[in-house]
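> structure here, sequence nowhere to be found:
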């Protein structure tokens, strides 16, 4: 999908100070062994050509499909016979075939970040962009006999039409990823109390701004839409500030119901069209439930489908050729004019549900990236529209580069095609997860979770249990031999662009190694996500421009270690298994993100101060004013408790309409959310906001 490339992110970080790595390394959690796993770099081709993801967005891969150049006679002729049953390799996937051919043609491994990005967001075969069908999943494990109840439902991944009839026919596909029938469960799916606590926090920030008449609510990675539904439902039930917040989302009745570029309202950042359908259904269901008590409707803005984007781009290219045939020069101004004309065709496309598209309706928008979310600040308009941003389990899915300290210095972990020599059991043999210090021991980490829809999911509690090996890595599960991945991890033979840009390490240079990295023992592993650091800085800049606040909730640590892992049907699996069909995730490094925000805001404050002194400041911002800061991280358990989670649970239990079974479910859900043995300690919360009166941090921090 439309995302910033790694190279663009690296360039953003290139000008940072040399201590960018300082908060990334959590030496207390490395559990480094005395000797590092053997490198397979000796079997790798020389890395004379950098990964295409390290080039600009208009690289050769975007222009020419290099996989079409694959020739088995000349590319990896000595590869294993993956179809030989005695080799015990897993079945291929469409994305796996693409990656295999690409690595073969390029002649070098790819970074873990590129592998992760392709697996999760590949336009044709990505886990989020094109969720696997149940029939696809049934072919991945020959030993599995259970089938989902709705396996007979078929979805056409190539049908990108976005009509109401398609919504009714498909019913969305969010259940393929999240919940009992999916691969993971998120906090909003466990209890409404989670969303209600976030609503309380949002309303305190809204109140601190004196209840502006227009606001924008942005959610990155909204999943099935459950969290947004809980926020809108609970806010509408709070008299005064909550009702004002809902009115502000609708623009206080002063918005243009037809504009696609409305700033106020709800804005989802979601790359998956199928999940967009699921989110829309959830909001439609909420509105149907509240139709007798709500005075506000929902105005769904039709998004541009993949086919429509392709058609629009074809139209742009056709127009360019026409202009060139007339002898005109194709410059930036002409391109801008052509694109503007194309956008006019989209202005009136608004699917309305509720109050007939009146100005009392809350606009609901979808965007591919955060950059695409419109904003309105005092520097560009007479009126500022504050933005409130929620990122719940979003950053853990952003690609990470993985680096490892060896006896020969730091190396980058890469992804290569498996070879016969790797069939011996070794740390890098099948690309296993032995380095992340986690276990899938069903007895110690298995948790039964009752979700809002009444179903029960057996999930793996993400607790950092030390385990040198696990079934995902050894390939065994209750004595059953697991299929091996067609890919493997290897170490770079030399410094990579990511090592030079992110860690300031160049093994070919005489530059002294930074002390933190030099002192790390052999076997230490670091994960760095330049996309996460760039995005969190963009969020802080948006809040500086427009006022507002952001809340980031995710599992992670203060510091970096080896946490990359994959899940399928709530089971931990090999990271390199079934590309495109499993969820790949890594712990969020909250220290790095907090450092990126606060350092960036400090530099911006200095810029404002210089502008004040020179009289160049043209808007109401000033170096003397309060700048947004990153607060936390706070544990999820402590944060929810400070927002009244316990008191709210007691209130619901004591309600006369609550049954004994419902009361038990409420207690179980609360324990799951706040207990230190479960999500309460493992998940962290970070806020980006201004101090109240320049003194008091936001609630919960």
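Perfect, I can see it now. Everything numeric here is computed off the predicted structure, so don't read it as measured data. Residues are numbered from 1 along each chain as shown.

> against which helices or strands is the helix or strand encompassing residue 553 packed?
Assigned by DSSP states H and E, residue 553 belongs to strand 548-557. When contacts are defined as 3 or more C-beta pairs under 8 Å, 6 or more residues apart in numbering; DSSP states H and E, strand 548-557 sits against helix 192-208, strand 387-392, helix 530-546, strand 588-589, helix 590-614, strand 683-689. Where C-beta positions appear, they are placed from N, C-alpha and C, glycine not excepted.

> looking at the ones you listed, which is closest to residue 89?
helix 530-546 (31.3 Å; C-beta to C-beta).

> buried ones in that closest one?
Buried positions in helix 530-546, judged by neighbour count with 16 or more other C-beta atoms under 10 Å: 530-540, 542-546.

> repeat that for stretch 597-610.
Going by neighbour count (16+ other C-beta under 10 Å), the buried part of stretch 597-610 is 597-601, 604-605, 608.

> next one: stretch 326-342
residue 338.

> same question for stretch 197-208.
Along stretch 197-208, these residues count as buried under the neighbour rule (16+ other C-beta under 10 Å): 197-206, 208.

> can you list the residues you listed in JSON lines and add pLDDT and distance to residue 215?
What follows is the buried residues of stretch 197-208, written out as JSON lines (pLDDT from 0 to 100; distance: C-beta to C-beta, whole Å):
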{"residue": "197", "pLDDT": "96", "distance to residue 215": "19"}
{"residue": "198", "pLDDT": "97", "distance to residue 215": "15"}
{"residue": "199", "pLDDT": "97", "distance to residue 215": "13"}
{"residue": "200", "pLDDT": "97", "distance to residue 215": "16"}
{"residue": "201", "pLDDT": "97", "distance to residue 215": "14"}
{"residue": "202", "pLDDT": "97", "distance to residue 215": "9"}
{"residue": "203", "pLDDT": "97", "distance to residue 215": "11"}
{"residue": "204", "pLDDT": "96", "distance to residue 215": "14"}
{"residue": "205", "pLDDT": "96", "distance to residue 215": "10"}
{"residue": "206", "pLDDT": "97", "distance to residue 215": "7"}
{"residue": "208", "pLDDT": "94", "distance to residue 215": "12"}
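
> wait, which of the helices and strands packed on strand 548-557 is closest to residue 646?
Short answer: helix 192-208, nearest of these by C-beta to C-beta, at 9.3 Å.

> can you give me the helices in the stretch 101-250 of the chain?
Applying DSSP state H, counting those that start in this stretch to the stretch 101-250 of the chain gives helices spanning 112-121, 134-138, 164-170, 187-190, 192-208, 226-236, 241-249.

> which of the ones you listed sits closest to residue 399?
Nearest of the helices of the stretch 101-250 of the chain (C-beta to C-beta): helix 112-121, 3.9 Å.

> quick one: the strands in the stretch 301-450 of the chain?
350-353, 362-367, 387-392, 401-406, 409-417, 446-450 (DSSP state E, counting those that start in this stretch).

> could those strands go into TSV alongside mean neighbour count and distance to residue 494?
Output for the strands of the stretch 301-450 of the chain, formatted as TSV (neighbours: other C-beta atoms under 10 Å; distance: least, C-beta to C-beta, whole Å):
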stretch	mean neighbour count	distance to residue 494
strand 350-353	18	53
strand 362-367	23	39
strand 387-392	25	36
strand 401-406	24	12
strand 409-417	23	8
strand 446-450	17	43
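
> closest to residue 280 out of the ones you listed?
Proximity to residue 280 (C-beta to C-beta) singles out strand 362-367 among the strands of the stretch 301-450 of the chain, at 7.4 Å.

> the closest one pairs with which strands, parallel or anti?
Paired neighbours of strand 362-367 in the sheet (DSSP bridges): strand 265-269 (parallel), strand 298-301 (parallel).

> TSV for those strands, including mean pLDDT and mean neighbour count?
Formatted as TSV, the strands paired with strand 362-367 follow (pLDDT from 0 to 100; neighbours: other C-beta atoms under 10 Å):
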stretch	mean pLDDT	mean neighbour count
strand 265-269	96	24
strand 298-301	91	25
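
> just put the ones you listed in a markdown table and tack on distance to residue 360.
Output for the strands paired with strand 362-367, formatted as a markdown table (distance: least, C-beta to C-beta, whole Å):
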| stretch | distance to residue 360 |
| --- | --- |
| strand 265-269 | 12 |
| strand 298-301 | 9 |
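
> nearest to residue 363, out of those strands?
Short answer: strand 265-269, nearest of these by C-beta to C-beta, at 3.4 Å.

> what are the contacting residues of that closest one?
216-222, 228, 232, 249-251, 255, 276, 279, 299, 362-370, 372-373 (C-beta atoms under 8 Å, 6 or more residues apart in numbering).

> ok, now with 6 Å
Here strand 265-269 makes contact (C-beta atoms under 6 Å, 6 or more residues apart in numbering) with 217-220, 222, 249, 362-367, 370, 373.

> which element follows it toward the C-terminus?
Next element after strand 265-269 (DSSP H and E): helix 273-289.

> related to what we said a few turns ago, nearest to residue 648, out of the helices and strands packed on strand 548-557?
Nearest to residue 648, of these and by C-beta to C-beta, is helix 192-208 at 5.5 Å.

> how big is the angle separating that closest one from helix 241-249?
In terms of direction (axes from the mean of the first three to the mean of the last three C-alpha atoms, to 10 degrees), helix 192-208 departs from helix 241-249 by 80 degrees.
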